[in-house]
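Asks: Sequence first, predicted coordinates after that:
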Amino acid sequence: MEMELDLQYQIDVVLKHWKAVLVVFLAATIVAAVVSFMQDSTYQATTTLVEHSYEYWDIPRLISMDRTVAKLYPNLVRTETVENKVIAALGSSLSPQEKASGALKRTVTLREDKDNPSVFRLQVQANDPSKATLIANTWAEQYVETVRILDPGWSTQLETVEQYLGSAEEQLTAFRQETGLGLVEYPTDDLVLSLFGARVLELENKSGQLALHRQARDNLLLLIEKAQLAADTGGGVGDLPLQLLNTPAIVDRGQLSVELLKEQEDLHTVVGLLNTEEQIISDVVDDLTLGVEQLQEELGQDQLELERLVRARDLAEGAYTALTNKVRESQLFRTRTEILSPATKATLVGPDSKLNVIVGAALGLAGGVLAAFALEYFEQTRKRA
């Protein structure tokens with residue numbers, strides 16, 4: 001009974017102040033209608049695309065690899081490259097404002113299919129339904145063309161790395177031939193010629209000469225000691241081991257021989273000849289020792305340079321191998337994009353004038369009722385005062 005009285009009271013208040021309710025209702029409805037009709041309509045066109053990936057199940061190495069589609073569209077659809085191509089393709093169909101950088105791109109959104117991640121929808125909004133359809137289809141076409149001619153630059157990189165590898169191998173081969181640090185083989189029929197560099201050959205030659213002259217010096221020192229001992233003890237030339245003079249270094253010089261010493265009757269003369277020869281041989285030993293040490297130092301530097309060239313060649317070879325594998329894998333998993341369904345008709349997405357008027361009218365009616373109760377409250381307050 002009390003609820004019926006409350007409801008009757010509310011109805012009486014609204015009927016009592018029906019003019020205020022009507023004014024607020026009409027005002028809100030008119031404002032909503034004016035605002036709705038003053039706003040431009042927005043239409044949305046949708047083009048559906050699909051990205052296919054090639055699968056090579058006949059390659060055992062790739063059977064266990066992930067077969068998911070390599071999705072390019074999140075990074076390539078809304079780019080300046082595609083936008084510029086669309087602007088160039090549409091030309092005069094676009095307004096100057098729409099041709100501004102980034103303006104057209106802001107009207108494009110992407111929606112991925114939840115059931116199939118390779119399918120996606122390209123949505124374009126415009127104030128004209130035909131223009132929205134035209135932009136959506138043109139954008140999809142230009143994107144497909146961009147992906148088709150997409151080159152990640154691996155071919156150019158591979159060519160550069162290949163040239164660097166060839167240059168590194170040529171430098172290493174030339175250095176080995178020049179220095180002899182590494183055997184260079186030239187197959188000719190059934191023979192293999194082993195060539196060494198001039199510096200290695202020079203070192204071998206000087207080392208051999210140094211060994212021969214050291215032997216000759218040692219022999220001469222021993223003969224001098226024997227000759228001095230024989231002179232002190234009254235011995236003769238025949239008591240000396242003159243066969244020690246038959247060394248290549250002394251024989252090649254040709255200044256001292258066994259026959260020459262046998263012709264000498266005085267051992268002091270023999271000692272003088274032996275000392276003279278020993279001094280000459282010792283000077284040659286010193287020169288050869290210095291030359292061998294210098295060559296060894298140069299060969300040490302060559303060894304460091306050889307190691308550097310080998311590292312450079314190995315790095316270039318590793319880079320070439322890695323890049324070759326990358327290119328091969330990119331070819332195996334390259335994607336192909338197609339337009340699954342072009343946009344045919346744009347739909348109105350806002351504003352909905354009728355809906356806005358209805359909402360405005362509903363809000364106006366609610367506001368009018370509130371205004372009626374507010375007026376009633378003020379009247380009752382005034383009467384009590």
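Replies: Received it, and whenever you're ready, just let me know what you need.
Asks: all contacts plus neighbour counts: C-alpha atoms, from now on.
Replies: Will do.
Asks: can you list the domain ranges for the chain.
Replies: Per automatic domain parsing, the structural domains of the chain span 1-39+351-385, 41-150, 198-328.
Asks: any chance of these in CSV, plus distance to residue 160 and mean pLDDT?
Replies: Below are those laid out as CSV (distance: least, C-alpha to C-alpha, whole Å; pLDDT from 0 to 100):
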stretch, distance to residue 160, mean pLDDT
domain 1-39+351-385, 57, 75
domain 41-150, 19, 81
domain 198-328, 9, 86
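Asks: Which one, of those, ends up nearest to residue 158?
Replies: domain 198-328 (6.5 Å; C-alpha to C-alpha).
Asks: Can you give the distance of the closest one from its chain's centre?
Replies: Centroid separation between domain 198-328 and its chain, computed with C-alpha atoms, centre = their mean, to the nearest Å, is 55 Å.
Asks: Near residue 378, how many other residues are there?
Replies: 11 (other C-alpha atoms under 10 Å).
Asks: Tell me the spacing between it and residue 308.
Replies: Separation of residue 378 from residue 308 (C-alpha to C-alpha, to the nearest Å) stands at 98 Å.
Asks: of the domains of the chain, which approaches residue 341 most closely?
Replies: Taking these one by one with C-alpha to C-alpha, domain 41-150 is closest: 5.1 Å.
Asks: Quick check: chain neighbours aside, which residue is closest to residue 144?
Replies: residue 337 (5.9 Å; C-alpha to C-alpha, 6 or more residues apart in numbering).
Asks: so what's the backbone phi/psi at the one you found?
Replies: phi -100, psi 140 (degrees, to the nearest 10).
Asks: for it, what are its contacts?
Replies: When contacts are counted by C-alpha atoms under 8 Å, 6 or more residues apart in numbering, residue 337 touches 49, 50, 51, 52, 144, 147, 148.
Asks: Where does the residue nearest to residue 112 when sequence neighbours are not counted sit, in terms of helix or strand?
Replies: Counting by C-alpha to C-alpha, 6+ apart, residue 112 lies nearest to residue 120, which is 4.4 Å off, once chain neighbours are set aside. Assessed by DSSP states H and E, residue 120 sits inside strand 119-126.
Asks: Please tell me how far residue 376 sits from residue 323.
Replies: 84 Å.
Asks: For stretch 100-108, what is the distance to the chain centroid?
Replies: Per C-alpha atoms, centre = their mean, the centroid offset for stretch 100-108 relative to its chain is 31 Å.
Asks: Flag every buried residue along that stretch.
Replies: Neighbour-count burial for stretch 100-108 flags 104, 105, 107, 108 (criterion: 16 or more other C-alpha atoms under 10 Å).
Asks: try stretch 260-270
Replies: Quick answer for stretch 260-270 (16+ other C-alpha under 10 Å): 261, 267, 268, 270.
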